[in-house]
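> What would the 3D arrangement of this be:
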Amino acid sequence: MTKTTQSNATLAETIKQLDQIVAYFEDENFDLEQGIAKFDEATELIKAVSEQLQGMELKIEEKKKTLETILAE
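A predicted model of the protein is given here:
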């Protein structure tokens, strides 16, 4: 998965991809080479989720400040 694809994916889509990777590892008969690639993919997905959550947190903080300003008037 490329960075472009990750940045365009929604949070729900990214989490779904992580769930699929977890399911892959839950099968005790997984291929080790493919497992390493899946682990690398999961690492990138986790970074993408973290960035998405940070962006959402900033938006919430901005909206909270706006609301506080409106209520203070």
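
> Can you list the low-confidence ranges for the protein?
Residues of the chain that meet the criterion pLDDT under 70 lie in 1-8.

> Helices along that one, start to end?
All helices of the chain, identified by DSSP state H, fall at 3-8, 11-26, 32-72.

> now the ones you listed in a markdown table, with mean neighbour count?
Backbone N, C-alpha and C define where each C-beta goes, glycine included. As requested, the helices of the chain are exported to a markdown table (neighbours: other Cβ atoms under 10 Å):
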| stretch | mean neighbour count |
| --- | --- |
| helix 3-8 | 12 |
| helix 11-26 | 13 |
| helix 32-72 | 12 |
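
> what residue is smack in the middle of this protein?
V49 (1.9 Å; Cα atoms, centre = their mean).

> Quick check: K63 vs Q54, distance?
Using Cβ to Cβ, to the nearest Å, we find K63 at a distance of 15 Å from Q54.

> A37 too?
Counting by Cβ to Cβ, the separation of A37 from Q54 is 26 Å.

> can you check T66 too?
Going from T66 to Q54 by Cβ to Cβ gives 19 Å.

> try K64
15 Å.

> same deal with L67?
Taking Cβ to Cβ, one finds L67 at 20 Å from Q54.

> try E13
18 Å.

> Could you do E61 as well?
Distance of E61 to Q54, given as Cβ to Cβ: 11 Å.
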